[in-house]
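Here is a sequence with its predicted model. Questions after.
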Amino acid sequence: MSVAIPAQSRRTGPRPRLRAAASAARRSELRTSALVLLGYVCISLLVYGRQALGDPSHVVVGSGQTPSFAGRDQSAYVWFLGWGAHSLTHLQNPFLSGAVYAPFGYNLAWAASLLGPAFAMAPITLLFGAVVAFNVLAVLAPATAAWTTYLLCRALTRRFSSAIAGGLLVGFGTYETAEMVNHLNLALVALLPLCALIVLRRHRGTISRRRFVCELGVALGAQAWISTEVYASLVVFGAAALAIGVCLSGRLYWQRGRTLIAEAAGAVVLSVVVGAPYFYYALAYPNPLAGNSAIGAGADLANFVVPTRVTWLHGHGRLAIAASHLGGNLTEQLAYMGPVLIVALAIFAFTFRRQLIGRCIALFALVALVCSLGGHLVVDGHDLHLKLPWSWIGQLPLIGHALPGRFVIYLWIATAVAVAVWLDQARLRVVRWVAFATIALMLAPNPTGALWGTRIDTPPLMNEGSLARYVSPGATVLALPFGSDGNSMYWQTEAGFSFRLAGGYVSWAVPSQYSGLSIIHELTGRRPGGQEPQRLCSFIALTRSDVILLREGTPGDWPQILGPLHIRPYRAGGFAIYPLAGLSVAGHTCRA
């Protein structure tokens with residue numbers, strides 16, 4: 001005897017089971033993604049964070065390009081994080097800071113000010129200090145970049161292992177490793193692969209138009225709050241990627257491509273709204289970088305095959321000599337891929353030459369490579385005076401301030417996707433993975449601890465209640481050594497921004513009022529050049545400095561530099577303290 005099943009039951013019965021299966025698959029995917037992120041964080045801790053892990057309040061991740069510069073760039077980022085939290089709790093303008101370069105201040109919209117992360121990390125900064133907040137961000141930077149690249153690769157591959165390998169190339173490849181030395185804002189690039197993933201999902205129709213515009217616009221706008229330089233390059237290279245995809249798709253997808261471009265343009269408009277405060281202060285107030293172009297700061301072509309000391313395979317002898325000839329400093333030598341990875345990319349381009357994904361990735365990688373070389377071709381440190389496309393593109397407004405050598409991050413993302421897709425093929429899988437293992441060894445970060453941990457200078461005076469005896473609240477301090485040659489940014493942050501700095505270090509560019517002050521050369525501790533009394537007096541009068549704090553034990557001809565002041569300093573908490581009230585030198589009134 002048969003039992004009749006109602007039509008409605010036959011029609012709807014399987015649907016709950018399908019929904020339950022889909023929900024279970026999504027939960028499984030989320031668990032796997034969370035475990036992958038955790039794995040990347042553990043690798044980052046092991047490689048970059050192991051020294052800071054023992055004393056996160058007094059050791060910063062990374063170092064300096066030279067021993068004398070160790071930790072100085074980090075001092076600026078620590079200061080930015082501290083300033084962001086301070087501006088929130090004291091209701092001060094976070095963009096126009098009067099805490100540095102007194103009495104004129106500085107427009108932080110033209111510095112690597114990290115205000116977005118600074119606001120997000122404010123609770124940690126206020127509870128544990130800005131150094132701890134810096135270390136947390138530094139450990140998360142490569143891990144999150146690897147993770148979002150993994151998500152992008154996962155959308156294009158069938159196997160988790162292939163996507164994980166792609167994530168490793170971006171999170172722990174040469175670009176990220178070099179920037180982890182002392183450029184936190186340029187290491188925070190997790191939003192770049194995420195933007196590509198959002199576009200891919202919209203192309204596939206898995207998200208709606210409204211969601212696409214909102215997600216992409218917010219992601220782009222958030223990048224502006226991390227680094228306006230990376231935001232600008234992201235818009236340029238994102239537009240290039242869209243144009244390449246549409247042009248190579250053929251007439252069949254032309255209408256869909258035009259729609260996607262229009263929607264992406266709407267997302268860019270939304271990103272401008274999200275980043276409006278940054279853009280307003282960048283355009284409406286003086287730009288310290290005005291008149292300076294970065295067109296010539298491209299990657300050295302030889303760097304693609306010559307490793308530097310940020311990698312495990314930096315070597316000695318001829319390799320070390322070759323690396324010393326490269327153009328740019330250590331944290332701008334971001335391009336090393338090695339011969340095995342370059343060959344793998346060539347094999348990918350040939351294997352997938354008839355597929356849209358292969359043609360798009362290969363052409364985009366080529367565009368990123370050529371643009372990253374800058375305005376002129378440089379090989380092994382020699383400028384061949386051969387003009388490249390960026391010599392014209394870099395003339396566009398604002399983008400000319402971006403260093404083209406840093407555009408290799410887009411080449412790295414394209415490379416990661418290409419390698420993941422290549423590894424995902426069933427044929428010759430063992431051979432492919434042996435090749436990837438070789439690539440991973442060649443790109444592995446330098447395991448020695450010298451590059452990945454620097455103990456910061458924390459003189460007792462900044463943590464003692466006695467600071468107010470020598471420096472009244474709101475006073476202007478001339479901290480020596482001056483600027484990037486000293487640690488004044490750490491000191492001011494440790495002191496809770498209780499004083500202002502005559503000078504500081506928030507960028508390589510200084511305000512115009514400071515640019516002509518020749519005494520700055522001596523204030524860094526270098527050999528005096530003559531007429532110190534008058535020039536020092538003029539500096540003190542211009543900056544309205546109230547007190548000089550000279551860090552004891554600092555190399556420099558300080559008796560000759562500061563001797564003309566005829567002040568017997570106090571000594572407390574690691575400083576020689578020179579009060580400047582009523583100071584007059586050689587007939588010149590320095591302070592009223």
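Looks like it came in fine.

contacts for the helix or strand containing Ala267?
If you go by DSSP states H and E, Ala267 is part of helix 254-274. Identification of contacts with helix 254-274 by C-beta atoms under 8 Å, 6 or more residues apart in numbering yields 199, 202-203, 209, 212-214, 216-225, 231, 235, 238-239, 242-243, 245-246, 249, 279. Backbone N, C-alpha and C define where each C-beta goes, glycine included.

same check, this time on stretch 124-134
Against stretch 124-134 from outside (C-beta under 8 Å, 6+ apart): 56-58, 60-61, 74, 77-79, 81-82, 84-85, 89, 118, 121, 136, 184, 456, 493.

okay, and for the stretch 151-300 of the chain, where does confidence drop off?
252, 289-292 (pLDDT under 70).

Please, where are all the helices along it?
160-171, 174-182, 184-187, 191-204, 209-226, 228-249, 254-274, 276-284 (DSSP state H, counting those that start in this stretch).

who wins for proximity to Arg429 among the ones you listed?
Across those, Arg429 has its closest neighbour in helix 160-171 (9.7 Å, C-beta to C-beta).

Dump the C-alpha coordinates for the closest one into CSV.
Output in CSV follows, covering the C-alpha atoms of helix 160-171 (Å, rounded to 0.1, in the frame of the first residue of the first chain):
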residue,chain,number,x,y,z
PHE,A,160,42.6,25.1,1.9
SER,A,161,46.3,24.3,1.6
SER,A,162,46.7,26.3,-1.6
ALA,A,163,45.0,29.3,-0.1
ILE,A,164,47.1,29.1,3.0
ALA,A,165,50.2,29.1,0.9
GLY,A,166,49.0,32.2,-0.9
GLY,A,167,48.5,34.0,2.4
LEU,A,168,52.0,33.1,3.6
LEU,A,169,53.5,34.9,0.5
VAL,A,170,51.9,38.2,1.3
GLY,A,171,52.0,38.0,5.1
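
That helix packs against which elements?
The helices and strands touching helix 160-171, judged by 3 or more C-beta pairs under 8 Å, 6 or more residues apart in numbering; DSSP states H and E, are helix 14-44, helix 130-154, helix 408-423, helix 429-443.

angle of that helix against helix 130-154?
With axes from the mean of the first three to the mean of the last three C-alpha atoms, to 10 degrees applied, the angle from helix 160-171 to helix 130-154 works out at 140 degrees.

hmm, who's touching helix 160-171?
Outside helix 160-171, the residues that reach it (C-beta under 8 Å, 6+ apart) are 32, 36, 39-40, 43-44, 142-147, 149-154, 157, 176, 189, 193, 409, 412-413, 415-417, 419-421, 423-424, 436, 439-440, 443.

Where does pLDDT dip in the stretch 1-150 of the chain?
In the stretch 1-150 of the chain, residues with pLDDT under 70: 1-14, 22, 64-71.

Give the buried residues for the helix holding Ala267.
Gly257, Leu260, Glu263, Ala264, Gly266, Ala267, Val268, Leu270, Ser271, Val272, Val274 (16 or more other C-beta atoms under 10 Å).

Check stretch 447-466 too.
Result for stretch 447-466 [16+ other C-beta under 10 Å]: buried residues Leu451, Trp452, Gly453, Thr454, Ile456, Asp457, Thr458, Pro459, Leu461, Met462.

mind listing what the nearest residue to the second one once chain neighbours are set aside touches?
What it means is Trp452. Nearest residue to Trp452, sequence neighbours excluded (C-beta to C-beta, 6 or more residues apart in numbering): Tyr48, at 5.0 Å. Neighbour list for Tyr48: Val61, Gly62, Ala138, Val139, Pro142, Met180, Pro445, Trp452 [criterion: C-beta under 8 Å, 6+ apart].

Just confirm Tyr48 is within a strand.
No - under DSSP: H, G, I helix; E, B strand; the rest coil, Tyr48 sits outside any strand and is assigned helix.

Check the gap between it and Val139 for me.
To Val139, Tyr48 is 6 Å away according to C-beta to C-beta, to the nearest Å.

Common neighbours of the two, please.
Contacts common to Tyr48 and Val139, judged by C-beta under 8 Å, 6+ apart, are Val61.

Now for Leu108, how many residues are close by?
Using other C-beta atoms under 10 Å, Leu108 is surrounded by 25 other residues.

for Asp383, same thing?
Count around Asp383 with other C-beta under 10 Å applied: 15.

isn't it right up against His376?
Yes - look at Asp383 against His376 with C-beta atoms under 8 Å: they come within range, at 5.4 Å.

all strands of the stretch 351-500 of the chain, in order?
376-379, 382-387, 454-455, 476-480, 500-501 (DSSP state E, counting those that start in this stretch).

tell me which element the closest residue to Ile439 other than its chain neighbours is part of?
Of all residues not flanking Ile439 in the chain, Leu341 sits nearest, at 4.8 Å (C-beta to C-beta, 6+ apart). Assessed by DSSP H and E, Leu341 sits inside helix 339-351.

now that helix and helix 160-171, what's the angle there?
120 degrees.

Return the list of helices and strands in contact with helix 339-351.
Packing partners of helix 339-351 (3+ C-beta pairs under 8 Å, 6+ apart): helix 356-372, helix 408-423, helix 429-443.

I'd like to know which of the ones you listed is closest to Asp485.
Judging the helices and strands packed on helix 339-351 by C-beta to C-beta, what sits closest to Asp485 is helix 408-423, at 29.8 Å.

Can you give me every residue that contacts Pro404?
Ala294, Ile295, Ala297, Gly298, Ala299, Cys371, Ser372, Leu373, Gly374, Gly375, Trp390, Gly394 are the contacts of Pro404 under C-beta under 8 Å, 6+ apart.
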